[in-house]
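J.: Pasting a predicted model and its sequence here:
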Amino acid sequence: YNMSSDESYNFVFKVVLIGESGVGKSNLLSRFTKNEFNHDSRTTIGVEFSTRTVQLDNFTIKAQIWDTAGLERYRAITSAYYRGAVGALLVYDISKHLTYESAERWLKELYDHADPHIVVMLVGNKRDLETVRTVPTEEARDFAEKKGLMFMETSALDSTNVEDAFNEVLTEVTRGSISAVTLSNPVGSSSQSQEERKPCCKNS
């Protein structure tokens, strides 16, 4: 775990965890930011966040991951919770179909409060409970595709895909941020824009 000094990063990105209570949001957070898993984790009260600095695509990114107790009990915090978030992991438990069924409702709440361009990944957590799975992978993947979401199954318990889930979201967010910067500042000629210019200049 490379905890580089906080001063040296290119981006700070806020990512929120949403989904029903008990699906493992807090353990995904602690696995990614501290490489810890708590077997008797209590329900999160209110809001907490942890940070971790990662290297992706030659950029140093400080990820600020926010976790909340099943928001339904703390309605007052929703808009503040989502404010400034550029990524979201919508988490369900593959062994509890009800937590998957509520994904649609969480998406609606997310889009009601968050930036419309937010990068969202549907995450089927507790993949270690394969023997009692009630949500087929294909069903969830189809739902994610239909809604334009990224998709991954994870296990915070045995670490499967936890890094990948967060890193894919952060990579996607980084790409979006860079293209936004390039669009608003076309003078900063990236190698790509030079490539695009070449054909035009030959013809002239």
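T.: Received the coordinates, thanks. Numbering: from 1, shown residues only.

J.: Do a quick rundown of the strands in the chain.
T.: With strands called from DSSP state E, the chain shows them at 11-18, 47-56, 59-68, 85-93, 119-125, 150-153.

J.: for the fourth one, packing partners?
T.: Read that as strand 85-93. strand 11-18, helix 25-34, helix 97-101, helix 103-113, strand 119-125, helix 162-184 (3 or more CB pairs under 8 Å, 6 or more residues apart in numbering; DSSP states H and E). Using the backbone N, CA and C atoms, a C-beta is placed for each residue, glycine as well.

J.: Also the second one?
T.: If you count contacts as 3+ CB pairs under 8 Å, 6+ apart, strand 47-56 packs onto helix 25-34, strand 59-68, helix 162-184.

J.: what mean pLDDT would you report for the last one?
T.: Read it as helix 162-184. In this model, helix 162-184 has a mean pLDDT of 88.

J.: now what about it, what contacts it?
T.: Contact partners of helix 162-184, identified using CB atoms under 8 Å, 6 or more residues apart in numbering, comprise 11, 13, 15, 28, 31-32, 54, 56-57, 59, 61, 63, 65, 86-89, 117, 119, 121, 123, 150, 152, 154-156, 188, 190, 192-193.

J.: Mind checking which of those are buried?
T.: 11, 13, 15, 28, 31-32, 54, 56, 61, 63, 65, 86-89, 119, 121, 123, 150, 152, 154-156 (16 or more other CB atoms under 10 Å).

J.: Could you list the low-pLDDT ranges of the chain?
T.: Residue ranges of the chain with pLDDT under 70: 1-7, 44-45, 69-78, 183-204.

J.: what about H117, distance to S30?
T.: Taking CB to CB, to the nearest Å as the measure, H117 and S30 are separated by 28 Å.

J.: Ok, M121 next?
T.: From M121 to S30 the distance is 18 Å (CB to CB).
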